[in-house]
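In: Model the structure of this input:
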Amino acid sequence: MRIRQIKIKFWRHFENIELNLDEESGLVCVVGANGTGKSHLLELIAACAHAIGLSPGIEKQRSDPFSDLHEFMLKFDIDEGVSEIIDKKLVPCPEYSDWDRTITISSKNTPETVKKETMCGGIVDQGSNRQFSELIVRHLSESKEVNFVFLDANRAYPKKNINVHEIANAYETDWTTAEYTRGRSFKETTTLYEEWIKYFLAKENQSGNSLIKKIRIARLQGMEEPKFEDHFEKYKNSLQIILKHLVFTGVDSKKRTLLFDTTGLELSFDQLSGGEREIAFLVGQIDRFGLRRGLFLLDEPELHLNADLIRSWVEFLTSTVETGQIWLATHSLEAVEAAGQHATFVLERSDETRNVDRISRLDDRPVLSVLSRAVGTPAFSISQLLFVFVEGEEGVGERERFRKLAALPQDIRFLESGSCTEVIRKVESLRALAHETDTGIRIGGIVDRDFRSETEAARLSVDRNIFVLPVHEAENFFLHPPTLRILLNQHGRTSLDPLDLIRAAADARAGSWIFQHMMATSDLKSLPVVSGGTKSGTKSISWKQFESDWEGTVQNIAKVSMLDASNNEKLKKILQISAKKYDRIRAENDLWKQCEGKQVLNSVSQACGFSDARALTEAAFVLWNRESMTIPEELSQFRSYLGSL
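Out: Here you go, the predicted model:
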């Protein structure tokens, strides 16, 4: 069972879209920005599957698609073997040999016209076609096979307390009947979750009782006792395909929960991580309903899962539903890569009407795929977003700090990109790609000031539209003296001077600043590689040591350089220049902008009465949001750049 075509002239916020699928499309991804209607499309498929008898029911999160104003058409392909009753009972019909195995449901609901009909492909006579279509729908409706499963995105796994009377009813239920297989496959995931726990408990109880009964009979008759066959063996094996460390071990009848072993530790279902619970549940639905040849609809397969788990889960799905079709409404780049660009369809809104009036295959939009990989986020769901590549490595809380510094809406994403060169490369290449995709994606770049000259900073700004921070690095914003003065007063430390605190912290690490400045000078390129001894020897020196014995300190650093006499002298001169540079800036009022940011901020935070730098930065954000006059001018420049993108 597969869908071959969807056409929507109008329905909800869809307008004039058409989706055509290859016969081989076993996995289909529907992607797009939030609000483009990915979930709506799955709901339409579910409603039409019910209308042709494939699904025994439908639970609507919204209104019935057939009761909405609409005009749409869906074409299904019913492979041989999907329904045994169709393959056997319809063969004698004269129309069977002409039938091309497709059935199309067309529906129109307007103030003037209400019409719904199903037609089979390949049968010319309209009257015969209608009769044969009715037979197919009736036989599909009477089938006991599970040919349809829909798992919505409302998936949550709270701890379930099952009452005694509920478990008693579960033990008496025959879970193998069509009422509890086919008759439950369309239910909402909240219902399926509640039933799933009961299903496991009941199956374990029923199978155990059945085995004991058979053993007793075998003993009475002197026959060989039956061997234990684990009715959950397939579930256990399937689960381990995706989560190799997680082993299903059984149920706890007293606590009424499922049990798992993870690296030797026994855990109940509610003690598993969010991703483990998600996979355990999803695999459980595949196992319970045994879908192999029908339609499987899954909204947001990435829910609760990281990238690696998404890949494993989608790969498992494709190997499970053999000749059917899987539909994923997703934001996941990993799911798209598994489906392939030919089976991924991008929904896009019109800027004028706000309706979704365009759906295209991803292989017709190759630039979108390239852009997705470059930003690490699906480009089909990032329309109108602002991506800002920043210099540096990914660190915990860094992106959130930049976001708060920006004071812009949630449509901004900061991405750490390594070196300044990497920032420039990504910004330039992605600006070109973003322009080609016509998605409204904006690209910016931010690099630290470090030891760049005014000329270098201006060149990056003018030639590359890269913003060079007006401070050494982002942490320096929080060393703004007027801001620190207010925070000191709030902590009752009115006698302390912010600049004195900054200077003391910077002096303690003067050697580190001097070494970094030295490494940034063009003169250093004339020397061989600087040794580790020179690096550690310089970075460990405080300004007090330099002041007490300037010449001796420089001489001691040069001694461990392992350079020849000529290069040793050059090194000492460069050290002298960098040390004198520090001597000048430490006496200036804008030392806070030029000193090391991270390390100085850590020291100043504690001196101001905060537990750590994070506490000080949060207090600064509160202050700046409350009293805009205290915002550093340098931070205003940063925000102006982002606002101009």
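
In: who's in contact with stretch 260-274?
Out: Defining contact as C-beta atoms under 8 Å, 6 or more residues apart in numbering, one finds that stretch 260-274 is touched by 157-160, 197, 245-249, 252, 255, 257-259, 276-277, 280, 304. All C-beta atoms are positioned from the backbone trio N, CA, C, and that covers glycine.

In: One more: stretch 472-484?
Out: With contact meaning C-beta under 8 Å, 6+ apart, stretch 472-484 is reached by 390, 401-402, 405, 448-450, 469, 471, 498-499, 501-502, 589, 592-598, 600-601, 604, 608, 613, 616-617, 620, 623-624, 630, 632, 634-635, 638.

In: thinking again about what came up before, would you mind checking the contacts of stretch 260-274 for buried ones?
Out: Buried by 16 or more other C-beta atoms under 10 Å: 157, 197, 246-248, 257-259, 276-277, 280, 304, out of those.

In: Which of the residues you listed lies at the shortest distance from Trp11?
Out: Nearest to Trp11 among the buried ones among the contacts of stretch 260-274: His304, at 30.6 Å, using C-beta to C-beta.

In: Only whichever of the contacts of stretch 472-484 are buried, select them in PyMOL.
Out: If you want just the buried ones from the contacts of stretch 472-484 in PyMOL, going by 16+ other C-beta under 10 Å, the selection is:
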select buried, resi 390+401+402+405+448+449+450+469+471+498+499+501+502+592+593+594+595+596+597+600+601+604+608+613+616+617+620+623+624+632+634+635+638
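
In: now, which of the contacts of stretch 472-484 lie within strands?
Out: Counting by DSSP state E, the part of the contacts of stretch 472-484 found in strands is Val390.

In: Provide the strand pairings for the strand ranked longest in the chain, with the direction of each partner.
Out: As assigned by DSSP E, the longest strand anywhere in the chain is strand 2-11. Strand 2-11 has its sheet partners listed here by DSSP bridges as strand 14-20 (antiparallel), strand 70-77 (antiparallel).

In: Show me what secondary structure element comes after the last one.
Out: Moving toward the C-terminus from strand 70-77, the first helix or strand encountered (DSSP states H and E) is helix 84-89.

In: If we go by neighbour counts, what in that next one is buried?
Out: Ile86.

In: can you list contacts of the helix or strand following that helix?
Out: Counting by DSSP H and E, the next helix or strand C-terminal to helix 84-89 is strand 102-109. Strand 102-109 has contacts (C-beta under 8 Å, 6+ apart) with 4-5, 48, 51-52, 66-78, 114-122, 133, 136-137.

In: How far does strand 102-109 sit from its chain's centre?
Out: 36 Å (C-alpha atoms, centre = their mean, to the nearest Å).

In: Next, the angle strand 70-77 makes with the helix or strand that comes right after it.
Out: Per DSSP H and E, strand 102-109 leads on to strand 114-120 as the next helix or strand towards the C-terminus. Angle of strand 114-120 versus strand 70-77, following axes from the mean of the first three to the mean of the last three C-alpha atoms, to 10 degrees, is 10 degrees.

In: So for the helix or strand following strand 114-120, what gets flagged as buried?
Out: As assigned by DSSP H and E, the chain's next helix or strand after strand 114-120 is helix 126-142. Residues 129, 132-133, 135-137, 139-140 are the ones in helix 126-142 that count as buried (16+ other C-beta under 10 Å).

In: Could you break this protein into its assigned domains?
Out: 2-147+320-363, 164-290, 384-468, 474-626 (automatic domain parsing).

In: Now pLDDT and distance to Trp550 too, for the buried residues of helix 126-142, in a markdown table please.
Out: Listed next are the buried residues of helix 126-142 as a markdown table, based on pLDDT from 0 to 100; distance: C-beta to C-beta, whole Å:
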| residue | pLDDT | distance to Trp550 |
| --- | --- | --- |
| Asn129 | 94 | 99 |
| Phe132 | 93 | 100 |
| Ser133 | 94 | 96 |
| Leu135 | 92 | 100 |
| Ile136 | 92 | 95 |
| Val137 | 93 | 94 |
| His139 | 89 | 97 |
| Leu140 | 90 | 92 |
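
In: and Gly35, how many residues sit next to it?
Out: 12 (other C-beta atoms under 10 Å).

In: just how off-centre is stretch 428-435 within its chain?
Out: On C-alpha atoms, centre = their mean, the centre of stretch 428-435 falls 23 Å from that of its chain.

In: hmm, I was thinking of stretch 180-195
Out: 27 Å.

In: Start and end of that stretch, how far apart?
Out: End-to-end distance of stretch 180-195: 10 Å, with C-alpha to C-alpha, to the nearest Å as the criterion.

In: ok, now stretch 330-342?
Out: Note: stretch 330-342 ends 16 Å apart using C-alpha to C-alpha.

In: returning to what we had before: which one, of the strands paired with strand 2-11, ends up nearest to Ser210?
Out: Nearest of these (C-beta to C-beta): strand 70-77, 38.9 Å.

In: what's next to that closest one, contact-wise?
Out: So strand 70-77 is contacted by 1-12, 23, 44-45, 48-49, 52, 54, 65, 101-110, 121 (C-beta under 8 Å, 6+ apart).

In: Please save the CA atoms from that strand in PDB.
Out: Extracted in PDB, the C-alpha atoms of strand 70-77 (Å, rounded to 0.1, in the frame of the first residue of the first chain):
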ATOM      1  CA  HIS A  70     -12.000  21.800   0.200                       C
ATOM      2  CA  GLU A  71     -11.200  20.200  -3.100                       C
ATOM      3  CA  PHE A  72      -8.600  17.500  -3.000                       C
ATOM      4  CA  MET A  73      -7.600  14.100  -4.500                       C
ATOM      5  CA  LEU A  74      -5.400  11.200  -3.200                       C
ATOM      6  CA  LYS A  75      -4.400   8.200  -5.300                       C
ATOM      7  CA  PHE A  76      -3.500   5.000  -3.500                       C
ATOM      8  CA  ASP A  77      -1.600   2.000  -4.900                       C
END
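
In: Now do it against helix 126-142, angle only.
Out: Using the same axes, to 10 degrees: strand 70-77 against helix 126-142 is 80 degrees.
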